[in-house]
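>>> pasting the sequence and the predicted model now:
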Amino acid sequence: MAQNIYFLYEPNTGHYLRAVFADTKPANSTELEPTGLVNAVFNTDTNKWEGTSIADEMAKLAKSAKMSIDPDKQMLSSMMATMMKQEMRIQQLEAEQSGGAK
């Protein structure tokens, strides 16, 4: 007998567990593959896999990455701001010493 591939899901939640090869269909499994889904859940009422598409998940991650602040860039920005303030203070002191400040 030829073995088929089945996709097991957790019986209480429907969350995808793994694929298995078997001669007969195991309990809590389907022949439908959860292709292209992240955190796939099998809905026994509709006989379909549900979840977030990989494309949507990647877009979400890209947006999250853009919104997060790189700690190195944040530190560099802070250092640059401090240096600029110090440079302005030096220029102010030099102007005062040369009699140019009012």
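Great, that's in hand.
>>> only C-alpha atoms for contact and neighbour calcs from this point on.
Fine.
>>> mind listing the helices for this structure?
Listed in chain order, the helices found in the chain under DSSP state H are 54-67, 71-97.
>>> possible to save the ones you listed as CSV with mean neighbour count and mean pLDDT?
Below are the helices of the chain laid out as CSV (neighbours: other Cα atoms under 10 Å; pLDDT from 0 to 100):
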stretch, mean neighbour count, mean pLDDT
helix 54-67, 11, 84
helix 71-97, 12, 82
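>>> distance to residue 22 for the ones you listed - can I get that in a markdown table?
Compiled in a markdown table, these are given as follows (distance: least, Cα to Cα, whole Å):
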| stretch | distance to residue 22 |
| --- | --- |
| helix 54-67 | 28 |
| helix 71-97 | 50 |
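>>> in contact with residue 15, which residues?
With contacts defined as Cα atoms under 8 Å, 6 or more residues apart in numbering, residue 15 is in contact with 9, 39, 40, 41, 42.
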